[in-house]
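Peer 1: Okay, sequence plus prediction incoming.
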Amino acid sequence: MSGYGNERRKVLVLGAKKSGKTSSLKAVFEGMTPKDTIWLETTQQIVKTDFDSILPLELWDTPGSFDLDSITWEEFSTVVYMLDVSQDTHHPISKIVPTFILAYAQNPSINFEVFIHKADHWDADWQDEDFREITGRVMDEIADFSDWASLADTHPNVRFNVDADAWLETLTTEKIRFWLTSIHNYTIYEAWSKVIQRLMEDIYGTIEGLLNTFGQQSSMHKSFLFDINAKLYVAMDINSVESSTFQLCSDYLGRMMVFQSLFDNVPEARKQARSEKAKREGKRDPTQDEDDDEDPEEREWPANVARLGENTSICYWQFTKRLALMSVVSSDVLNQQQGMIEFNVALLRKAILQILEAIGQ
Amino acid sequence: MPQDNKKKKVLLMGKSGSGKTSMRSVIFSNMIAKDTSRLGATMDVEHSHVVFMGGLKLNLWDCGGQENFLAHFISTQKSEIFKNVAVLIYRTETEWERDVKYFEECIEALYSLAQEEQTETDPSAPVVPPKVWVLVNKMDIVGDGVASKKIKVFEEKRDEIERRCGAVGKRFGMDVGRGRGVRCFGTSIWDESLYKAWSSVIHNLIPNAALINSHLTHLRNISSCLEAVLFERQTFLVLAKSGSGLDADPDLDPGASTGTNKTLGNTGAAEDEEKNKVKAKAVMMDVEGLDEVEVANGARGLERKRFEKISEVVKGFRRTCQRNSQPFINLEARFDNASIGLDVLTSNTYLMLVSSEPWVEPSLLMFNIEQARQHFEELTGEQVENPCLICKSHPESKYRVEDSIAEKREEWGHG
Ligand SMILES: Nc1nc2c(ncn2[C@@H]2O[C@H](COP(=O)(O)OP(=O)(O)O)[C@@H](O)[C@H]2O)c(=O)[nH]1
Ligand SMILES: Nc1nc2c(ncn2[C@@H]2O[C@H](COP(=O)(O)OP(=O)(O)O)[C@@H](O)[C@H]2O)c(=O)[nH]1
Ligand SMILES: [Mg+2]
Ligand SMILES: [Mg+2]
């Protein structure tokens, strides 16, 4: 796993003006309420934001139109393209296809993720069909691409593959993925989860394997490794469950964060109360002699559980500043085998910390 | 005042469109604020019942606020409407002048009927005015988003309402003023303020609030907790909390907290220290309405709107669960700075225990809630079969049997 290095993975977010680039980044990575995104101002220049997920990321928010030739494609791991379905999609698609081809020619390891965005504008009954129609159209335009002359004209330094058909085929089948998204529901989190998982390469499989083993040994219905700041999952086990399970966990996580924040200032107030009491009684202030640098090894990480009836409990075990295990398990199993489960959680945590260490996190 | 302790008539009055039905739906029917724009206008009077802890029944009268109805309420329907009222909640909005005139007429009708009732039952006793809550609603659209402006508008309205209540009360020989029979809250269905106002109403209607408060304080102390809070199960309104009463309304129920501390005070302590504590406490209660255990455990660092926010968290999550055809039962959490146990206590309540002690495990809190369940069920029920020391010594206790106990009561020095 030495290939991971420490450098940030760069993610370039492209899309027409008002397609939802800034909204989606703010909602997922800065916790902005979707309702508040209507107040966002137009992005005038490229804005780079660092975000530490399981891997360090550098997210590039861009204006609707800028000089794409200023981009060095080799720098980027991923291009996220936002395709706004509340507006015309034909023009944006014909514009983005040559860009994908150009980027792929210069960086064969780059990934493309197309967010078919603002899906809330679509009738739920027709959503799947509309989705297929748009993905089909993008794929066709790439497969039928023929305007090599003008690409070569404008980019004399780029060498394009001789076997164009096979090369384009790989681009469509292996490089481009499509996601149906909306900031008003969980789909945007799901899509960003998948984007990050792809960046994890080998370690995704390793962590998935660990979660599978944990799930089998502890009788979990489903387990996720969550990025608690972005509320997305960087890995999950292979057990198949309804998509609502992720929604339930994500909703729970968000609410527990609010709950926890109500008690943020308690230790400070406790300390102050003791120091005031000592003063009143004419004693030496005991809080002066304490150092509050707690040993991170000793720190007891938050953990909680909500019981929702016999068949379902949601469990949360925080592993690091950024990552937490969330599992759904039968309440009976949890009540009867709590000790064993806690033991398995400790083992899983240790294994995941080792992986993080190995990749330099 | 009505004799029946269990059934309370709550009148919701105020001009049409001031948001009476909206708030009723948000608080009692779990509706989200956004959906209230779809509510139809209320015609005449809509009745609904809510059963609370210990069989406390709220009988909500949502009185349609169109002018022709209002006129009827204070004339032909006067005695039907204003008789036996436990609480009048008046909602007012922006059209202040006319609102206030109707308000005064309603208060007059209310007080005059209370006086008549009192004369029928016991003419010698002083007339206790029915309590009035005035919710100045739609505060979210007041003051152009400037907080200080908002507060100023509210304070002006509050002062005028209290002055008018005082003046009307005087005519009927009643002493009415701030915290004495009339309370004002600025509210909005879009935030926690509505919740706070309703908690104040409900807390006031619970027949044995001080007794429950004492029990919560005891439970808090033996669980090494910072706070013990009792919530209503459906609405998640806070009914009572340990220590110094609800900080939602510090001037409401001052007797409750003093009674508590007498019962559970540190009896073994030296007199001097005791005095010091009382003095220190008096100072603290002035500032934030907290008792010494709370302060020592860091309660000053607690978010002041925590109950409202917890209610929002739990109700919101419960809605998500319902969408997934799941019930929500309970929650235990070790947070960064606190341990929480939140579980069903009685058929109508939830109890939350919060500890800031690092060694207190959430499972321990859950265990203590479990242990307290039976006694609380009795306490909020018809009769207490197995009274604890707090019950025996408390003036509000429903434990009244043989004379020997009555004598013991004397010994305990309360009553
Ligand atoms: N209905 C809907 N509106 C969205 C969605 N995402 C963003 N928007 C709205 O689209 C508008 C433009 O968003 P913005 O992020 O500024 O677009 P940008 O120019 O691509 O950065 C804002 O008013 C957003 O509230 C979505 O998923 N659904
Ligand atoms: N902005 C705002 N609107 C409110 C508030 N409370 C109620 N409303 C709106 O006022 C309208 C009338 O409310 P309704 O409950 O029918 O009033 P009622 O006639 O007193 O029962 C509805 O559209 C509500 O959505 C509030 O606190 N703020
Ligand atoms: Mg933008
Ligand atoms: Mg109405």
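Peer 2: That came through, no problem. Residues are numbered from 1 along each chain as shown, chains lettered A, B, ... in the order given. Ligands and ions are numbered 1, 2, ... in the order given.
Peer 1: Output the contacting helices and strands for whichever helix in chain A runs longest.
Peer 2: Within chain A, and with DSSP state H defining each element, the longest helix by residue count is helix A:338-358. Taking 3 or more Cβ pairs under 8 Å, 6 or more residues apart in numbering or on different chains; DSSP states H and E as contact, the helices and strands that helix A:338-358 lies on are helix A:202-218, strand A:313-318, strand A:323-329. To be clear about C-beta, it is placed using only N, CA and C from the backbone, and glycine gets the same treatment.
Peer 1: Isn't B:Asn337 up against A:Asp264?
Peer 2: Yes: using Cβ atoms under 8 Å, B:Asn337 is in contact with A:Asp264, at 6.4 Å.
Peer 1: picking up where we left off before, ok, which of the helices and strands packed on helix A:338-358 comes nearest ligand 2?
Peer 2: Proximity to ligand 2 (Cβ to the nearest ligand atom) singles out strand A:313-318 among those, at 32.9 Å.
Peer 1: Pull the residues that contact that closest one.
Peer 2: A:228, A:248-249, A:252-253, A:256, A:301-308, A:324-331, A:334, A:341, A:345, A:349 (Cβ atoms under 8 Å, 6 or more residues apart in numbering or on different chains).
Peer 1: Return the list of strands paired to it, each annotated with direction.
Peer 2: Strand pairing for strand A:313-318, using DSSP bridges, gives strand A:303-307 (antiparallel), strand A:323-329 (antiparallel).
Peer 1: Helix A:202-218 and the last one, what's the angle between them?
Peer 2: What separates the directions of strand A:323-329 and helix A:202-218 is an angle of 40 degrees, with axes from the mean of the first three to the mean of the last three Cα atoms, to 10 degrees.
Peer 1: which residues of the stretch 1-150 of chain B fall in strands?
Peer 2: Taking DSSP state E, counting those that start in this stretch, the strands of the stretch 1-150 of chain B run over residues B:7-14, B:45-51, B:57-63, B:85-92, B:131-136.
Peer 1: Would you reformat those as CSV and include mean neighbour count?
Peer 2: Converted to CSV, the strands of the stretch 1-150 of chain B look like this (neighbours: other Cβ atoms under 10 Å in any protein chain shown):
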stretch, mean neighbour count
strand B:7-14, 23
strand B:45-51, 14
strand B:57-63, 18
strand B:85-92, 23
strand B:131-136, 24
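Peer 1: Quick check: which of the ones you listed is nearest to chain A?
Peer 2: strand B:45-51 (23.4 Å; Cβ to the nearest Cβ).
Peer 1: can you pull the pLDDT of whichever residue of the stretch 151-300 of chain B sits closest to ligand 4?
Peer 2: Proximity of the stretch 151-300 of chain B to ligand 4 (Cβ to the ion) peaks at B:Ile189, 12.5 Å away. Confidence at B:Ile189, expressed as pLDDT, is 86.
Peer 1: do the same with the one 3 residues further on
Peer 2: Listed pLDDT for B:Glu192 reads 79.
Peer 1: my guess is it meets B:Lys309, correct?
Peer 2: Yes: counting by Cβ under 8 Å, B:Glu192 does reach B:Lys309; the two are 6.5 Å apart.
Peer 1: The helix or strand where A:Ser24 lies packs against which elements?
Peer 2: A:Ser24 belongs to helix A:21-30 when assigned by DSSP states H and E. On a contact count with 3+ Cβ pairs under 8 Å, 6+ apart, helix A:21-30 meets strand A:9-15, strand A:47-52, strand A:56-61, helix A:187-199.
Peer 1: and of these, who's closest to B:Val295?
Peer 2: strand A:47-52 (37.7 Å; Cβ to Cβ).
Peer 1: name the helices or strands packed onto the closest one?
Peer 2: helix A:21-30, strand A:56-61.
Peer 1: re the thing from before, in JSON lines: the strands of the stretch 1-150 of chain B, plus distance to A:Glu74 and mean pLDDT.
Peer 2: Below are the strands of the stretch 1-150 of chain B laid out as JSON lines (distance: least, Cβ to Cβ, whole Å; pLDDT from 0 to 100):
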{"stretch": "strand B:7-14", "distance to A:Glu74": "67", "mean pLDDT": "81"}
{"stretch": "strand B:45-51", "distance to A:Glu74": "66", "mean pLDDT": "80"}
{"stretch": "strand B:57-63", "distance to A:Glu74": "68", "mean pLDDT": "82"}
{"stretch": "strand B:85-92", "distance to A:Glu74": "64", "mean pLDDT": "74"}
{"stretch": "strand B:131-136", "distance to A:Glu74": "62", "mean pLDDT": "85"}
